[in-house]
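In: Using only what follows, build the 3D model:
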Amino acid sequence: MLANDKPNRLPEWFKVTLPSGDTMRRYKSTTASVKENKLHTVCEEARCPNIHDCWGRGTATFMVAGKACTRGCRFCAVDTIRIPPPPEEDEPGKLAEAIKSMGLAYSVITVVNRDDLEDGGASHYRKCLDEVHKMNPDTGLELLCSDLSGNLEALESLLENAPLEVFAHNVETVRRLTPRVRDPRATFDQSLMILSKAKELRSDLLTKSSIMLGLGESEDDLIETFQSLRDAKVDLLTLGQYLAPGPGYHPVVSFPKPETFDRLAHIAKTMGFKAIASGPMVRSSYRAESLVAAANGQTIDSELKVVA
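Out: You can find the predicted model right below:
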């Protein structure tokens, strides 16, 4: 297990400054745009600690196909439902309008699991991508996708000529802890298969995955997982601190220090990842455009520390 630092309280490096001035005005504007278009965001549903920072910069990670998931992972704050309502037919258009009104140069679209749908929701996700691109042709798009229940035909139809820069799917934790952290339908090998197949189908895309620290993993576990992701030809990696959404969720076992995150990022870099964002406050979609820029040999103004 990684070094533990007062697991029953948040360390000092988790202090967050609330927005003010122009940043607060942008935060309120983003809030209004999300509410006006009746959209869901992973920022809200997953109780992300970076919401004030991201919304204060006028960005948000949109969550499509509903606000409840058909799976019940022990780390996730998103509501669970066995049979959710059908995806809203006008959601792609609303999403495209919101992104246009916010003037986003880069946008991350994430999804809930839709095990109730034959294609896992792939056709709806594709409609969202196409509509956003049609209305916002210069906006870079990243899809944080489910495992589609391992449906490779659905994955192929989703990705064929899709207007994407990044295809992301999160393994969330190391192989050893997957059965106790994720829903039983979300297996480590199925996640690797989706990532590997996505790269096979679209070698032009960057592929990406994320791992939470603090669930009880060891450094050996992490290095083994890094290698599994590289074997699947994953390009981008994010490492962040797990925070339990509340009672009844998987407990936080440890708070690795910031220097541990730095060291792990450099280990991952030696294993061949194109770019790594690693730190206690890092989340899969946090300042995602910075990670893509770094992988492409560029730099953009960002507080996100990236190893590339």
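
In: On the pLDDT front, check Gly103 for me.
Out: What the model reports as pLDDT for Gly103 is 83.

In: Equivalent analysis for the one 3 residues further on, please.
Out: Each residue has a pLDDT score; the one for Tyr106 is 87.

In: State the distance from the residue nearest to Pro85 when sequence neighbours are not counted to Ala293.
Out: Counting by Cβ to Cβ, 6 or more residues apart in numbering, Pro85 lies nearest to Gly66, which is 6.7 Å off, once chain neighbours are set aside. For every residue, glycine as well, the C-beta is placed using N, CA and C. Plainly put, Gly66 is 31 Å away from Ala293 if you go by Cβ to Cβ, to the nearest Å.

In: Which one's more surrounded, those two?
Out: Gly66 (24 against 21; other Cβ atoms under 10 Å).

In: Could you pull up the contacting residues of that one?
Out: Contacts of Gly66 were listed using Cβ atoms under 8 Å, 6 or more residues apart in numbering, and they are 40, 84-85, 87, 112, 114.

In: any chance of these in CSV, plus neighbour count?
Out: Below are the contacts of Gly66 laid out as CSV (neighbours: other Cβ atoms under 10 Å):
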residue, neighbour count
His40, 20
Pro84, 20
Pro85, 11
Pro87, 21
Val112, 26
Arg114, 25
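
In: List just the nearest of these to Ile99.
Out: Relative to Ile99, the closest of these is His40; by Cβ to Cβ it sits at 14.1 Å.

In: Can you get me the start-to-end distance on stretch 204-220?
Out: Using Cα to Cα, to the nearest Å, the span of stretch 204-220 from its first residue to its last is 31 Å.

In: to the chain's geometric centre, what's the distance from it?
Out: Mean-position distance between stretch 204-220 and its chain equals 11 Å (Cα atoms, centre = their mean, to the nearest Å).

In: Do a quick rundown of the strands in this structure.
Out: Per DSSP state E, the chain carries strands over the ranges 40-41, 61-64, 68-69, 79-80, 106-111, 140-144, 166-168, 206-213, 236-241, 275-278, 306-307.

In: Nearest to Gly93, out of the ones you listed?
Out: Using Cβ to Cβ, the strands of the chain put strand 61-64 closest to Gly93, at 11.9 Å.

In: Against which helices or strands is that closest one packed?
Out: For strand 61-64, the helices and strands in contact under the criterion 3 or more Cβ pairs under 8 Å, 6 or more residues apart in numbering; DSSP states H and E are strand 40-41, helix 42-45, helix 91-102, strand 106-111, helix 122-135.
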